[in-house]
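Asker: sequence-free structure coming up:
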């Protein structure tokens, strides 16, 4: 049985070890528990990670018009947030539209940043992608068409809250969630 | 646009006023934002409410076998929690099976309590019910058949964390969510 102790991270744990613990536990977790894992990991790390003020997910909104795809707020920990975000808008929408991680050291310098919370100063957004159903897959699988089913979104109350370590491990987590969850 | 400031509750606010603010804001919120509202309201109140250590939702699991309905973990704030709960099991499962609020002053005295987190000492669970599709409604509407689509679940780290004020307002919130969300 899943237990609250899974949210406990050892004192003095490194960022890499905390992410490894998240990966070890997240397989079989749904997005609600994954958001809790991320939140409690960041709170247990030294600055700037313990300045994370929002951690969670947006998912593809199945009610989006076909020509205007949007994200809808999923499970998270932190303050109330924007409920829908159009693909292409702000940091989250850009990650969804480009299928590329957005590592933003200073959100005020990001064109079109959506300020759901003025306290957030830096952000990392990682798309969760799965093969598109009608995939025109090449022989080597490299040209396989992908679609965004969700994004991981983490905000920090200080600038430069995230680095390449966060990018690397959050992309591993996105891969795991893409494989281990049932997506429509 | 929904803004993080919606999570701010005035210093010295009464429990009734905090719940009123939740009701005023929750219409149009999805469960993710509603969980954040509840969490931040409790944190801003005096004891025992500020000892709330988990606030969120379980929803009816559409993948349940017809003869063994279960809940699946929805959006919440707090530590990692049990991911599925059978109707009838523990406080949450009892609220789902009976369609009745469970106000439990001491969880250790509740038969079959599921201890997702040993730190939780009291709990209130309020079912969110909607008319069943194939409803055999009486002429006066009173015999309308209902189904549970979700539950509100709040845990507290001290005994007697909740009272009749919590019951009254959480039942109002459950009514609002039943009406304002799209349920399958």
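Answerer: Good, I have the coordinates. No experiment lies behind these values; they were computed from the predicted model shown.
Asker: Chain A against chain B: which residues are in contact?
Answerer: Within chain A, the positions lying close to chain B (Cβ under 8 Å from any Cβ of the partner chain) are A:1-4, A:6-7, A:25, A:28-30, A:32-33, A:36-37, A:40, A:56, A:72-83, A:114, A:116-119. Quick note: C-beta positions are derived from backbone N, CA and C, even for glycine.
Asker: So which of those residues are in strands?
Answerer: Secondary structure from DSSP state E places A:56, A:72-78 of these in strands.
Asker: And the buried ones among the residues of chain A next to chain B, selectable in PyMOL?
Answerer: The PyMOL selection below is limited to those of those classed as buried (16 or more other Cβ atoms under 10 Å in any protein chain shown):
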select buried, chain A and resi 2+4+6+7+25+29+30+32+33+36+37+40+56+72+73+74+75+76+77+78+79+80+81+82+83+114+116+117+119
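Asker: Leaving aside the residues adjacent along the chain, what's closest to residue A:180?
Answerer: Closest residue to residue A:180 apart from its sequence neighbours, by Cβ to Cβ, 6 or more residues apart in numbering or on different chains: residue A:27 at 5.1 Å.
Asker: isn't the one you found right up against residue A:178?
Answerer: No. Residue A:27 lies out of contact with residue A:178 (Cβ atoms under 8 Å); the separation is 11.8 Å.
Asker: And the helices in chain A, which stretches?
Answerer: Secondary structure of chain A (DSSP state H): helices at A:15-26, A:31-44, A:90-98, A:164-180.
Asker: Could you export those as TSV, including distance to residue B:11 and mean pLDDT?
Answerer: Shown next, in TSV, are the helices of chain A (distance: least, Cβ to Cβ, whole Å; pLDDT from 0 to 100):
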stretch	distance to residue B:11	mean pLDDT
helix A:15-26	34	96
helix A:31-44	24	97
helix A:90-98	32	97
helix A:164-180	35	97
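Asker: Residue A:111 - how many residues pack around it?
Answerer: Per other Cβ atoms under 10 Å in any protein chain shown, the neighbour tally for residue A:111 reads 7.
Asker: nope, residue A:89 is what I was after
Answerer: Neighbours of residue A:89 (other Cβ under 10 Å): 18.
Asker: What residues does it make contact with?
Answerer: Contacts for residue A:89 (Cβ atoms under 8 Å, 6 or more residues apart in numbering or on different chains) come out as A:112, A:114.
Asker: Check the residue nearest the centre of chain A and give its pLDDT.
Answerer: Note on chain A: the residue nearest the mean C-alpha position is residue A:152, at 1.0 Å, using Cα atoms, centre = their mean. pLDDT, residue A:152: 98.
Asker: So it versus chain B, what's the distance?
Answerer: Applying Cβ to the nearest Cβ, to the nearest Å, the value for residue A:152 to chain B is 14 Å.
Asker: Check residue A:163 too.
Answerer: Applying Cβ to the nearest Cβ, the value for residue A:163 to chain B is 25 Å.
Asker: List the residues that contact that residue.
Answerer: residue A:103.
Asker: Tell me the predicted confidence for it.
Answerer: 98.
Asker: picking that back up, so between residue A:27 and residue A:178, which is more surrounded?
Answerer: Between residue A:27 and residue A:178, counted using other Cβ under 10 Å, the more crowded position is residue A:178 (18 against 11).
Asker: these two touch, right, the more buried one and residue A:130?
Answerer: Yes. Using Cβ under 8 Å, residue A:178 is in contact with residue A:130, at 5.1 Å.
Asker: re the thing from before, now for the helices of chain A, which one comes closest to residue B:102?
Answerer: Ranking the helices of chain A by their distance to residue B:102 (criterion: Cβ to Cβ) puts helix A:31-44 first, at 20.9 Å.
Asker: what's across from the residue nearest to residue A:61 when sequence neighbours are not counted in the sheet?
Answerer: Distance criterion Cβ to Cβ, 6+ apart; nearest residue to residue A:61, sequence neighbours excluded, is residue A:72 at 3.9 Å. For residue A:72, the beta-bridge partners are residue A:59, residue A:84 (DSSP bridges).
Asker: quick one, what contacts residue A:72?
Answerer: A:58-61, A:63, A:83-84, B:30 are the contacts of residue A:72 under Cβ under 8 Å, 6+ apart.
Asker: How about residue A:19?
Answerer: By Cβ under 8 Å, 6+ apart, the residues touching residue A:19 are A:41, A:165, A:169-170, A:172-173.
Asker: Chain B versus that one, what's the distance?
Answerer: Taking Cβ to the nearest Cβ as the measure, residue A:19 falls 16 Å from chain B.
Asker: and what of residue A:173?
Answerer: Noted for residue A:173: a distance of 15 Å to chain B, by Cβ to the nearest Cβ.
Asker: so that residue makes contact with residue A:25?
Answerer: No. Residue A:173 is beyond contact range of residue A:25, at 10.7 Å (criterion: Cβ under 8 Å).
Asker: still on that earlier bit, wait, doesn't the residue nearest to the centre of chain A sit right on residue A:102?
Answerer: No. Counting by Cβ under 8 Å, residue A:152 does not reach residue A:102; the two are 10.8 Å apart.
Asker: okay, and the common contacts of those two?
Answerer: With Cβ under 8 Å, 6+ apart, residue A:152 and residue A:102 have common neighbours A:124-125.
Asker: Now that we have the contacts of residue A:19, which of them are buried?
Answerer: Buried among these by 16+ other Cβ under 10 Å: A:41, A:169-170, A:172-173.
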